[in-house]
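Student: quick one, what's the 3D model for this:
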Amino acid sequence: MKFDYTFGNQAYKYDDDVGYQIKKYKIMAPEQEQEIQPGREYLMNPKPVFDNPKYKGSDKLKGKVAIITGGDSGLGKAAAIAFVKEGAKVVIPYYNEHIDAKNTKDYIENMGGECLFIAGDLTDREFSKLIVKETLKKFGKIDILVNNAGVQYQQDCLDNISDEQFDYTMKVNVYGMFYLTKEVLPYLKSGASIINLSSITTFYGEPQLIDYVTTKGAIVGFTRALARNLALKNIRVNAIAPGFFWTPLQPACWVKEKIPSLGADAAMARGAMPYELAPTFVYLASDDSSYVTGQVLHNNGGQIMN
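Tutor: So this is what the prediction gives:
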């Protein structure tokens, strides 16, 4: 019999049939779940750590303007904070997580940063037009686009995925990215960067996220094809495939019993906090990655190695 047991903030996988401990891992968070997508950061326990106080900016993005979808919380929020530290101005389109958005806006402004928050639905093509219009109105240009927003739903088998769920997941994760990228593209100049969020789940085929995995695989293809298409214009397109980070998507997706063991299968035996991905966003957005395009960077604690 295989089972888990805990001691303090450590947990252990044990195989009773052979009588030995399989693996020790760090508990990401206690059991919890949310009934609403894409989840609310202010309801999480513990709160995600989105800012590393040891991270000091060095003007890598000075004067740049970045659009970061879903930047009100989670990985997008961590990217926004790091971008501001590096001198960028940020525009954050979000769905309807108004409390999280206000908290993030206040945090950025208290840092002395400039930001614009716009609520709306990325599945509506007109919202992408509004994002671009308002960004240009306030900041006059666009240098960086981060397609971060997404939803995911846990389902045990394909039969449980309704047509409506599949359609909505596809529209948020893929159509929204397509609409906004298409609207932004005419305003990007040489040296601009597009960063798309894929997922570790695409590379090992998470069996309980079939529709989500499908969209994240599509994002990899979109990234590679668009990178080749724009390479001679010196507009770089890359993707990040994160492992298990403690973001609102997790309690909004998984059954509560799964939460403590998220990230346990990584070589580092833990999940991660959003701030740990922030430097990767900065790298891909800045001139540090001037010869990098069409790539997928894997930040997953060694869960997938390729």
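Student: pLDDT at Lys56, what is it?
Tutor: pLDDT, Lys56: 96.
Student: how about it, what does it touch?
Tutor: Applying CB atoms under 8 Å, 6 or more residues apart in numbering to Lys56 gives the contacts Lys85. Glycine gets a C-beta too; all of them are placed from N, C-alpha and C.
Student: switch to 10 Å and redo it
Tutor: For Lys56, the contacting residues are 85-86, by CB atoms under 10 Å, 6 or more residues apart in numbering.
Student: then the one 5 residues further on?
Tutor: In this structure, Leu61 makes contact with 82-90, 143-144, 193, 281-282, 285-287, judged by CB under 10 Å, 6+ apart.
Student: measure it to Ala88 for me?
Tutor: To Ala88, Leu61 is 4 Å away according to CB to CB, to the nearest Å.
Student: swap in Tyr204?
Tutor: When distance is defined by CB to CB, Tyr204 is 33 Å away from Ala88.
Student: between the two, who's got more neighbours?
Tutor: Remark: of Tyr204 and Ala88, Ala88 carries more neighbours, 29 against 13, as counted by other CB atoms under 10 Å.
Student: quick one: pLDDT of that one?
Tutor: You'll see Ala88 listed with a pLDDT of 98.
Student: same check, this time on Ala225
Tutor: Note on Ala225: pLDDT of 98.
Student: can you give me the helices in the stretch 51-200 of the chain?
Tutor: Remark: helices assigned in the stretch 51-200 of the chain by DSSP state H, counting those that start in this stretch are 74-85, 98-110, 125-139, 163-170, 176-184, 200-204.
Student: which strands or helices does the fifth one pack on?
Tutor: Packing contacts for helix 176-184, counted by 3 or more CB pairs under 10 Å, 6 or more residues apart in numbering; DSSP states H and E, involve strand 65-68, helix 125-139, strand 144-147, strand 193-197, helix 210-230.
Student: dump it to CSV, keeping only the CA atoms.
Tutor: Taking Å, rounded to 0.1, in the frame of the first residue of the first chain, the C-alpha atoms of helix 176-184 are listed here in CSV:
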residue,chain,number,x,y,z
GLY,A,176,-7.5,35.5,-25.9
MET,A,177,-3.8,35.2,-26.5
PHE,A,178,-4.4,35.3,-30.3
TYR,A,179,-6.7,38.3,-30.2
LEU,A,180,-4.4,40.4,-28.0
THR,A,181,-1.2,39.5,-29.8
LYS,A,182,-2.8,40.4,-33.1
GLU,A,183,-3.9,43.8,-31.8
VAL,A,184,-0.6,44.6,-30.2
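Student: enumerate the positions of that helix that are buried.
Tutor: Under the neighbour-count criterion of 16 or more other CB atoms under 10 Å, helix 176-184 has 176-181, 183-184 buried.
Student: need the contact partners of that helix.
Tutor: 67, 69-70, 93, 121-133, 135, 142, 144-145, 147-151, 170-171, 188, 192, 194, 196-197, 215, 218-219, 222-223, 226, 237.
Student: if I look at Ile235, how far off is Lys258?
Tutor: For Ile235, the distance to Lys258 - CB to CB - is 39 Å.
Student: wait, Cys157
Tutor: Taking CB to CB, one finds Cys157 at 16 Å from Lys258.
Student: neighbour count winner among those two?
Tutor: Lys258 (17 against 9).
Student: list the contacts for that one?
Tutor: Shown in contact with Lys258 (CB under 10 Å, 6+ apart): 28, 31, 33, 154, 208, 250-251, 264.
Student: and for Asn234?
Tutor: 188-192, 290, 293.
Student: how close does it sit to Pro46?
Tutor: Separation of Asn234 from Pro46 (CB to CB): 42 Å.
Student: tell me the buried residues in stretch 161-170?
Tutor: 161, 166, 168-170.
Student: out of these, who's nearest Phe117?
Tutor: Nearest to Phe117 among the buried residues of stretch 161-170 is Tyr168, at 23.1 Å by CB to CB.
Student: so that closest one makes contact with Thr123?
Tutor: Yes - at 7.5 Å, Tyr168 counts as touching Thr123 under the criterion of CB atoms under 10 Å.
Student: so of the contacts of Lys258, which ones are in helices?
Tutor: Mapping those onto helices (DSSP state H) picks out 250-251.
Student: got a PyMOL select line for the buried ones in the contacts of Lys258?
Tutor: Listed next is the PyMOL selection for buried residues among those, using 16+ other CB under 10 Å:
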select buried, resi 28+33+208+250+251+264
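Student: most widely separated two among the contacts of Lys258?
Tutor: Within the contacts of Lys258, two members stand farthest from each other by CB to CB: Glu33 and Ala264, at 18.0 Å.
Student: so Val91 makes contact with Ala66?
Tutor: Yes - between Val91 and Ala66 there is a contact under CB under 10 Å: 7.0 Å.
Student: please enumerate the shared neighbours of the two.
Tutor: Joint contacts of Val91 and Ala66 (CB under 10 Å, 6+ apart) are 80, 115, 135, 139, 142, 144-145.
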